[in-house]
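[1] With the input below, show me the fold.
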Amino acid sequence: MITTAEIARRTEGDRLPLLTLDEFFDDNTAEDSLAPNQWGYGRPPLAEILRRLREAEQTPDVAWVRVGLHWDTEVDEEDGDVCAESILIATTAPASELEARLETESLQSDGIIESDAASLEDYCGIPAVSGHERIVFLVWD
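    The predicted model follows:
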């Protein structure tokens, strides 16, 4: 899992970097680092969420998948908590198809929402899209 020092290095002003799946999920044992309000109430373990996201990332209609950090991420502390806000997906797939593919209901997710320019302003390090994809968010409360 990425360190808070590396996150701080990549932060641009108030904008937090998007993380790859590996950066967020590898060696992450903090189950409450993503959708903490649903952990213990039906949300599957991080390993299952990662499995589904990696499967989605391998499909031809998905260009990339990234983890958007929550402002509770403790970038000023050496061993601070790294907390995710949502998952960003660059895709040409309809939101309803992604929701079915990821089984968002069983993830205890609020589903896929479309992004707009303002919803991306909180992030830096956003990978390019070809012009055909749009960026959607997999969100929890």
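[2] Alpha carbons of stretch 70-89, as CSV, please.
    Taking Å, rounded to 0.1, in the frame of the first residue of the first chain, the C-alpha atoms of stretch 70-89 are listed here in CSV:
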residue,chain,number,x,y,z
HIS,A,70,-11.0,10.9,1.0
TRP,A,71,-10.0,14.1,2.8
ASP,A,72,-9.6,12.1,6.0
THR,A,73,-6.4,10.7,4.5
GLU,A,74,-3.7,11.8,6.9
VAL,A,75,-1.0,13.0,4.5
ASP,A,76,0.7,15.0,7.2
GLU,A,77,1.4,12.0,9.4
GLU,A,78,4.1,9.5,8.5
ASP,A,79,2.0,6.5,9.2
GLY,A,80,-1.4,8.2,8.7
ASP,A,81,-4.5,6.5,7.6
VAL,A,82,-5.2,6.3,3.9
CYS,A,83,-9.0,6.5,3.2
ALA,A,84,-10.8,6.1,-0.1
GLU,A,85,-13.8,8.2,-1.1
SER,A,86,-14.8,6.5,-4.3
ILE,A,87,-13.6,4.6,-7.3
LEU,A,88,-13.2,6.4,-10.6
ILE,A,89,-13.6,4.5,-13.8
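[3] And the contacts of it?
    With C-beta atoms under 8 Å, 6 or more residues apart in numbering as the test, stretch 70-89 has contacts from 1-5, 7-8, 11, 16, 18, 24, 28, 30, 33-36, 53, 56, 62, 64-69, 98, 112, 115, 123, 126, 135-140. Where C-beta positions appear, they are placed from N, C-alpha and C, glycine not excepted.
[4] what residues does the helix or strand bottoming out on mean pLDDT in the chain touch?
    Least confident helix or strand of the chain, by mean pLDDT, DSSP states H and E, is helix 117-120 with a mean of 81. Residues outside helix 117-120 that contact it (C-beta under 8 Å, 6+ apart): 126, 135, 137.
[5] now swap in stretch 1-10 and tell me
    Residues external to stretch 1-10 that are found in contact with it (C-beta under 8 Å, 6+ apart): 16-17, 19, 23-28, 69, 73-82, 124-125.
[6] Which stretches in this structure count as helices?
    In the chain, the segments counted as helices under DSSP state H are 4-10, 21-25, 46-57, 95-102, 117-120.
[7] Sounds good, over and out.
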